[in-house]
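Asks: kindly generate the corresponding structure for this input.
(chains A and B)
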Amino acid sequence: MKILVVDDDQNIRRLVSFNLSIEGHEILVARTGKEGIDMAVKNKPDLILMDIMMPEMNGYDACKWLKNDARTKDIPLFMLSAKGQMTDLDEAFNVGADNYITKPFDVEKLHKTIMFKLENLRQRRKS
Amino acid sequence: MIAHRIRILLIEDDIIDQMAFQRLVREKNLPYDFEIAGSVKKAQEILSDNQFDVVIADYYLGDGTAFDIFELVADTPFIFTTGVGDEKIAVEAMKAGAYYYHIKDAERNYLEMLPVSIEKALNDKRLEQERRNAEEALKESEEKFRAISSAANDAIIMMDYDGNVSFLNSAAENIFDRKSADALGKNLHDMIVPPDSNKTYLKGLRYFWETGVETALGKTVEMTVLRSNGELFDIELSLSAVKIEKEMNTIAIIRDITERKQAEQALQESESRYRTLQENIPLGIYRSTKEGKFLSANPSMVKILGFSSQEELLATDADQIYADQLQHNKFINEIDSFDHVVNYELQLRKKSNQIFWAEINARAIRDEEGQIVYYDGILEDITVSKQAKEELRQNKERLDLILQNIGNGVMVTNAQQDIFVINNKIRELLGIYDFQIVGKKLPEILLNCKDKGKVLLDALPLSSFTNLELEIEFPLPRTLYVTGTSFTDVDGKSAGKIFIMVDVTKEKEIERMKTDFVSNVSHELRTPLTSIIGFSKTMLNNPAIGEQHRNEFLEIIYRESQRLSNLIEEVLSISRIESGKMEYNFQNISVAPIIKEVYNIHRLQAEKKHIRLSYNIDKKLPLIRADRDAIHQVAVNFVGNAIKFTNPGGNINIAVKNGGNKLIMEFSDNGLGIPKIHQGKIFDKFYRIARPGTETQGTGLGLSIVKEIIDAHKGKIELISEENKGTLFRVFLPALNY
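Replies: All right, here's what the predicted structure looks like:
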C-alpha cells in the first residue's frame, strides 16, 4: 500500500515511515499541508496520515481541501495529532477525516488501524 | 288782655237800650267796634257778611227772638239780655249754648256788667280755642308717633309705672311674635325675660324706685329674652322714662341683635382661632419695617430667634438678626421687585449669636402712594430640614458617585422595560453616547450587541438570571456577564429588573489563553513523547535492527527527552510567572559576568552550526537592580533563538552598553529575521512563526518569558528586524544610582 505521511516533525515522519516500511508499505512524506496536497494529487496514495499543527496550511485545511477534490476525496485520511481535545476531534471529522489518532500513539496499533480501514474499504468496494 | 279791638254785634230793638250801649262804649272808651241790628232780619243780614267776636242780643226782638239768630253764631260767644222776669228764658238760652245772660234792669245797671261779660266770654273762647288746638296737636302728634313707631325696625314698647305694656309697635309685635291685643296690659318683664335671668331692667319704674336696684334707664344694654314660642334671642335695649299725664312711663326701644351677635361670635371665634393659631403655630409670624426691624412677632417667632419676650425681640436691631448683610440686601431687593418672596432661604442670628437657616415667605405692604410700609412674613427654622436635605443630597451624591464609578455596569428598568437608572460603565461598555437614554426602552441600549442583544432579551421573562454571556461588537469587542434580578413593589408585583454587567473580556481572554496553553503544552509535550515512546517501542519490536538504526533512534530518543525536559522547565517557569508566584531575588548586580557565562554556554553550540558568536561589553557599566537568574534566562532565550534562526555562516553578537540612566543589552544576528506581520505577536505565549522548509523546535514560550521578566524589572524591549536580513533585540533596564 502507498501511504502518505504529512507531518512537520521529522522524527514523527521517520518513526511512521520506518515502522510502516517494515510492514511492507510504500511511504511518501510531506512537511506541510500544502506539500501534502501536492503529493496526494500527484501520487494517489492509498491512505494519508495527517498532522494538524503544521506551518503553511494546517492539517484541517489540507484535509478539507483533499476531501473536496474529486481526485483525492476517496483517499482515507487519518488525523495524527498531539491535540487531544474533543473540539479538535469534532473539527477533524467536520473537515472529513476518516479517523483521529492521538499522539503519542502505539506504532503497532497504528498499523493495525490502517490495515483494518483499508481492508474494510476493499471489502466494500468489492460488494 | 286783648290787644286788638273787639268786634261786637248788638241786636236790640229798643232804641233806648241801643243808645245806652253806645253811650257806655263812648263813656268808658271801650275798644269796641260794633254794629247794631234792630231786628232779626237786620241781624241776619249783617251776620251773613261779617264776623264778630261777640254777639249781644235782646231776647225779644220785633220780628222774632234771639234764638232765631243763635244758630247763625254758634261759635261766637253769645250774650243774652232779657227783661226782668224772664229768667226761665235765660236758663233755656244758657242750655242752648249762650255764654251769658243779663237781666235788663230799669236803671240800666246791667250795662256796667256787660264789658266784664264780654271780656270773660272772649277769654273763655280763647281758652277753649287753645284747648281745642292743643287737642288737635296732640292727636296729630299721636298719629305721627304711631306712624313712625310702626315704621320703625326697632321694637318700641311703652310701659306704665308698674311695667305693664301700654303700647307696642308693629316691630315689637314681630320681634316678640305677640299681638298688641295680647300684650297690652301685661307686665313686659314677665312676658319676655326668661325665668332664670337676673336682669330686671323691664320690671317697671316702681320696682326700681322701691328696691333701689339700679336701672338701665338712659343706657343701652344687651340681654337675652324670650319669644312667645319660647325661643331665646338677644336684644339691645334702650330705656327712657317719660312722664305722660303725670304718670311715669318707660319707653323701651328694643333691637333684635341675634344676627349681629352671631356675626360677633363668629368673628370672635375666628379671631380666637386666628390668635390660637398665631400663637401656637410653630412658624414665626411677623411684621417688620422694610429695613427688617420687627414691629410685631408671634410667640413662635420669639422662640425661634431665641428671645425671652416679644418686647426684647422688637427692641433688637435688624442687623443683629440678619446674619449676612449681603443676603439681607438681596432679600429686600427681591421683595421690593416682586412684592413677595416665596420659600426664601437666608441666615438669621439668634439671640445666642447662633446662626441658622430660615425660610421666609413674605410680602410687601404698600400705602396708597405705593410706598412700602412694612413686610408681613412667615418664617420657619429650616436648620433641621436643611440638614436632612443636605444629608439626602450628600447621600444621593454618594450613591450616584458609587453608581457611576463602580467598575461594573448597573442599570435598572421598570416592568415596562423603560430604563430609569443607568451608570457610566454601561454606557462605556455598550457604546451608548445618547445622553437621553434614561426613559428609553431596554432594546435601545443593546444595538451594539451581537444579534442586538437577543440572548438578553430572551432571558427577560426569567425572574432572575446570572452570568448571561452578552457579546458586544461595538465600540470594542467584549464579553459581558449580565446578572438580572427582578425586584417587586410593595404589592409584590414585579416592578422591574436590576441589571449588573461585568466586563469579562479579559477573563474570557485569559480563560481562552489558559485553554490554549493547556492545549499547546499538551501538544508540545506529546510531540517529543511520541518520538520517545515510538522509537523505543520500535527498537523493542525489532531487536534485530542494525547498529546504525539503533544509534539513530537512540539519538532521537535522547534529543526528544532533552526537548521534553526543556519544555517542562519553560512551562514551569511561565506558570510561575503567570501565577505571580515567580519570586525575584532582586539584588544590585553587574550584567557583564552573566553575559560572559551565556556566551560560554552557547559558543560550542553555535560553532557546531558554523555560526560565529561574539560579544562586546562597555568598560564602564552601571549596576542594575535585578534577579541574576532571570537576566541569565533572558540572555539564554535570546541567544538560543538567534542560533535557531540563523543559518550556518551567520553571525550573532551580544553587546552590553552604558545608556546613561539605562543599561542596554543588544542581541543581534544576521539570520532569518522576523516578518513584519509577526513582530507584534512574537512575545505572545506559544506564538511561533510558520517557516516552510525549516525545522525549528521550540515551545513558543521563550520570548513571552523574556517579556515577563523584563516587565518585572521595569525594563523595555525593542525589536528591529527584517526578513532574511537579521534581527536585533534591544533591552533597556533601569540603571542604579544614576
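
Asks: up against chain A, what does chain B have?
Replies: B:519, B:522-535, B:537-538, B:541-542, B:549, B:556, B:560, B:690-693, B:695 (CB under 8 Å from any CB of the partner chain). Heads up, the C-betas are built off the backbone N, CA and C, glycines and all.

Asks: what about burial for these, which qualify?
Replies: Among those, those classed as buried by 16 or more other CB atoms under 10 Å in any protein chain shown are B:519, B:522-535, B:537-538, B:556, B:560.

Asks: low-confidence regions, the stretch 451-600 of chain B specifically.
Replies: Counting by pLDDT under 70, the ranges of the stretch 451-600 of chain B that qualify are B:580.

Asks: now it against chain A: closest residue?
Replies: For the stretch 451-600 of chain B and chain A, the shortest gap (CB to the nearest CB) falls at B:Arg526, measuring 3.5 Å.

Asks: so the residue minimising distance to the centre of chain B, which state does it fall into?
Replies: Geometric centre of chain B, nearest residue: B:Asn343, 7.6 Å, by CA atoms, centre = their mean. Secondary structure for B:Asn343, judged by DSSP: H, G, I helix; E, B strand; the rest coil, is strand.

Asks: for it, which residues are in contact?
Replies: For B:Asn343, the contact set (CB atoms under 8 Å, 6 or more residues apart in numbering or on different chains) comprises B:Glu359, B:Ile360, B:Asn361.

Asks: just the buried residues out of those, in ChimeraX syntax.
Replies: Burial among those is assessed by 16+ other CB under 10 Å; the matching ChimeraX selection reads:
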select /B:359,360
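
Asks: what's the closest of the contacts of B:Asn343 to chain A?
Replies: The closest of those, once distances to chain A are taken by CB to the nearest CB, is B:Glu359, at 71.0 Å.

Asks: my guess is that closest one is in a strand, correct?
Replies: Yes - looking at B:Glu359 with three-state DSSP, it is inside a strand.

Asks: wait, doesn't it sit right on B:Glu380?
Replies: Yes - contact status for B:Glu359 versus B:Glu380: in contact at 4.7 Å, counting by CB atoms under 8 Å.

Asks: hang on, isn't B:Phe586 packed against B:Arg625?
Replies: Yes - applying CB under 8 Å, one finds B:Phe586 in contact with B:Arg625, separated by 5.3 Å.

Asks: neighbours around the residue lying closest to B:Tyr110 once chain neighbours are set aside, how many?
Replies: Among residues not flanking B:Tyr110 along the chain, B:His102 sits closest, at 4.2 Å (CB to CB, 6 or more residues apart in numbering or on different chains). Counted with other CB atoms under 10 Å in any protein chain shown, residues neighbouring B:His102 total 18.

Asks: how far away is B:His102 from B:Asp458?
Replies: Relative to B:Asp458, B:His102 is positioned 152 Å away (criterion: CB to CB, to the nearest Å).

Asks: repeat for B:Gly306
Replies: 66 Å.

Asks: so for those two, which sits in the more crowded spot?
Replies: B:Gly306 (16 against 12).

Asks: the spatially closest residue to the more buried one that is not a sequence neighbour: what's it in contact with?
Replies: Leaving out its chain neighbours, the residue that sits closest to B:Gly306 by CB to CB, 6+ apart is B:Lys350, at 3.8 Å. Counting by CB under 8 Å, 6+ apart, B:Lys350 touches B:Ile304, B:Leu305, B:Gly306, B:Phe356.

Asks: these in strands, which ones?
Replies: Among the contacts of B:Lys350, DSSP state E puts B:Phe356 in strands.

Asks: kindly write the ChimeraX command that selects the buried subset of the contacts of B:Lys350.
Replies: Filtering those down to the buried ones (16+ other CB under 10 Å) takes a single ChimeraX command:
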select /B:304,305,306,356
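
Asks: looking at the contacts of B:Lys350, which is nearest chain A?
Replies: Here the nearest of these to chain A, counting by CB to the nearest CB, is B:Phe356; it sits at 73.1 Å.

Asks: and the spatially closest residue to B:Thr289 that is not a sequence neighbour, what are its phi and psi?
Replies: Excluding the flanking residues, the one nearest B:Thr289 by CB to CB, 6+ apart is B:Tyr374, at 5.7 Å. Per-residue torsions, B:Tyr374: phi -160, psi 170 (degrees, to the nearest 10).

Asks: surely B:Tyr374 touches B:Ile365?
Replies: Yes - counting by CB under 8 Å, B:Tyr374 touches B:Ile365, with 5.3 Å between them.

Asks: and the least confident helix or strand in chain A by mean pLDDT, how far out from the chain's middle?
Replies: Ranked by mean pLDDT, DSSP states H and E, the weakest helix or strand in chain A is helix A:86-94, scoring a mean of 89. Remark: helix A:86-94 is offset 15 Å from the chain centroid, using CA atoms, centre = their mean, to the nearest Å.

Asks: so which bits of that helix are buried?
Replies: Along helix A:86-94, these residues count as buried under the neighbour rule (16+ other CB under 10 Å): A:Asp88, A:Leu89, A:Glu91, A:Ala92.

Asks: may I see the buried residues of stretch B:424-431?
Replies: B:Lys425, B:Ile426, B:Arg427, B:Leu429, B:Leu430, B:Gly431.

Asks: what does that stretch contact?
Replies: For stretch B:424-431, the external contacting residues (CB under 8 Å, 6+ apart) are B:404-411, B:432-433, B:437, B:445-446, B:448-449, B:472, B:474-476, B:478, B:480, B:501, B:503.

Asks: please enumerate the helices of the stretch 101-250 of chain B.
Replies: Assigned by DSSP state H, counting those that start in this stretch, the helices in the stretch 101-250 of chain B fall at B:110-151, B:170-176, B:180-183, B:188-192, B:205-211.
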